[in-house]
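Chemist: sequence plus the predicted model coming up.
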Amino acid sequence: MIIEQGRDGKRGQFPIGLRVLAVDDDPTCLMLLEILLNHCQYHVTTTTQATTALKLLRENMFDLVITEVHMPDMDGFKLLQLVRLKMDLPVIMLSANASTEDVMKATTHGACDYLVKPVHIKELKNIWQHVIRRKMKGYYSMDLHTNLGHRQEMHQKFVAAVIKLGIDKALPSKILDLMNVEKLTIENVASHLQIYRPYLKKLSCMALQK
DNA sequence: CATTGAATAT
DNA sequence: CATATTCAAT
């Protein structure tokens, strides 16, 4: 991937040729997705099968994977799981109808984003940031690294608990004993809840709009 | 006492 | 800058 300095007075950097693998069993959606990604100046590879996606990932280098959730040959979450486990790439989930369970599954299984069809270019223009963030991890020290891992686990349990309760019924005390993690106080949960409420609202809205 | 919002601190 | 801790008000 090449980072090009912004020209004509525009500040900031823009990624050219980010290698994206797009997976969708629906050819029409896949084609649309490819066009959109190309407009973002990414280097796009497409496939309609999750199994071939895995083969492509084994043979080529990619920076990011974006995949449909519901596919005939393999569940999108299965693909997510395999990719995250084997090659530690950022994965973005894509679906026409975002049920609460699907969004929860995606977040708890380590997807870095969840897009609802129809996808618009605005959303795709920002996905390269996931790649940058992942590469930044290499600069962190060991203990910081493990701390981040611990935080992510906490956050996953947190999100799972909140969605299980329902966003409206999710109170710190309820979340706390639903997570049942040692050395975790109500204040910790309350603080985390305070910060993540907008994010959780977005998840619920996504699930509602279908 | 639990919850929330906001000020600090890391 | 994100998020954790702490404090004040409800």
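Modeler: Perfect, thanks for sending it. Residues are numbered from 1 along each chain as shown, chains lettered A, B, ... in the order given.
Chemist: contacting residues around the residue most central in space within chain A?
Modeler: Among the residues of chain A, the one closest to the centroid is A:Cys112, at 2.0 Å (CA atoms, centre = their mean). Applying CB atoms under 8 Å, 6 or more residues apart in numbering to A:Cys112 gives the contacts A:Pro90, A:Val91, A:Ile92, A:His130. Where C-beta positions appear, they are placed from N, C-alpha and C, glycine not excepted.
Chemist: the third one pairs with what?
Modeler: Beta-bridge pairing of A:Ile92 under DSSP bridges involves A:Ile66, A:Asp113.
Chemist: that one: what's it in contact with?
Modeler: Taking CB under 8 Å, 6+ apart, one finds A:Leu64, A:Val65, A:Ile66, A:Thr67, A:Ala111, A:Cys112, A:Asp113, A:Tyr114, A:Leu115, A:Ile127, A:His130 in contact with A:Ile92.
Chemist: just the buried ones from those residues, in PyMOL syntax?
Modeler: Buried residues among these (16 or more other CB atoms under 10 Å), as a PyMOL selection:
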select buried, chain A and resi 64+65+66+67+111+112+113+114+115+127+130
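Chemist: the residue of chain A found nearest DNA strand C: neighbour count?
Modeler: Going by CB to the nearest atom of the strand, DNA strand C is nearest to A:Ser191 of chain A, at 2.6 Å. Other residues near A:Ser191 come to 12 when the count uses other CB atoms under 10 Å.
Chemist: so which residues on chain A come close to DNA strand B?
Modeler: Listed as neighbours of DNA strand B in chain A under the rule CB under 7 Å from any atom of the strand: A:Leu171, A:Pro172, A:Ser173, A:Lys174, A:Ile186, A:Glu187, A:Ala190, A:Ser191, A:Leu193, A:Gln194, A:Arg197.
Chemist: residues in contact with stretch A:31-38?
Modeler: So stretch A:31-38 is in contact with A:Val20, A:Ala22, A:Asp24, A:Val44, A:Thr46, A:Ile66, A:Leu94, A:Pro118, A:Val119, A:His120, A:Ile121, A:Leu124, going by CB under 8 Å, 6+ apart.
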